[in-house]
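Asks: have a look; sequence and predicted model below, questions after that.
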Amino acid sequence: MATITQKFGKRIKQLRKKLGLSQEKLAELARLDYSYLNMIEAGKKNPSLKRIHKLARTLKVSLQELFSFDK
């Protein structure tokens, strides 16, 4: 069973691809380091609330939608 960080990373990747963004571009727009975003998507980093909020704004989704893993 996947961990919450793995589910979150998969969701970020899903939303990023839906917008047609590369990891590099999303990292730039969200003002995050590319390698950090890569680790989030891989489920290896647990981002802070501030970073989660930045990602939601950048991906143009609500926090609720960001945490909708079962879709």
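Replies: Thanks, I have the structure now.

Asks: so what touches the helix or strand containing G9?
Replies: If you go by DSSP states H and E, G9 is part of helix 4-18. Around helix 4-18, the neighbours that count as contacts under Cβ atoms under 8 Å, 6 or more residues apart in numbering are 2, 22-23, 26, 37, 40-47, 55, 59, 61, 66-69. Just so you know, the C-beta spots here come from the backbone N, C-alpha and C atoms, and that holds for glycine as well.

Asks: helix or strand right after it?
Replies: Heading C-terminal from helix 4-18 (DSSP H and E), you reach helix 23-30.

Asks: what residues sit buried inside that following helix?
Replies: Buried positions in helix 23-30, judged by neighbour count with 16 or more other Cβ atoms under 10 Å: 23, 26-27, 30.

Asks: for stretch 50-68, same thing?
Replies: Under the neighbour-count criterion of 16+ other Cβ under 10 Å, stretch 50-68 has 51-52, 54-56, 58-59, 61, 66 buried.

Asks: what about the residues you listed, which are in helices?
Replies: 51-52, 54-56, 58-59, 66 (DSSP state H).

Asks: what about this structure, any weak spots by pLDDT?
Replies: Applying pLDDT under 70 to the chain flags the ranges 71.

Asks: could you check how far the spatially most central residue of it is from V61?
Replies: Geometric centre of the chain, nearest residue: I12, 3.1 Å, by Cα atoms, centre = their mean. Shown here: I12 relative to V61, a distance of 10 Å by Cβ to Cβ, to the nearest Å.

Asks: kindly report the same for H53.
Replies: To V61, H53 is 11 Å away according to Cβ to Cβ.

Asks: now the ones in helices among the buried residues of stretch 50-68 as CSV including distance to K7?
Replies: Listed next are these as CSV, based on distance: Cβ to Cβ, whole Å:
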residue, distance to K7
R51, 16
I52, 13
K54, 19
L55, 14
A56, 15
T58, 19
L59, 16
L66, 11
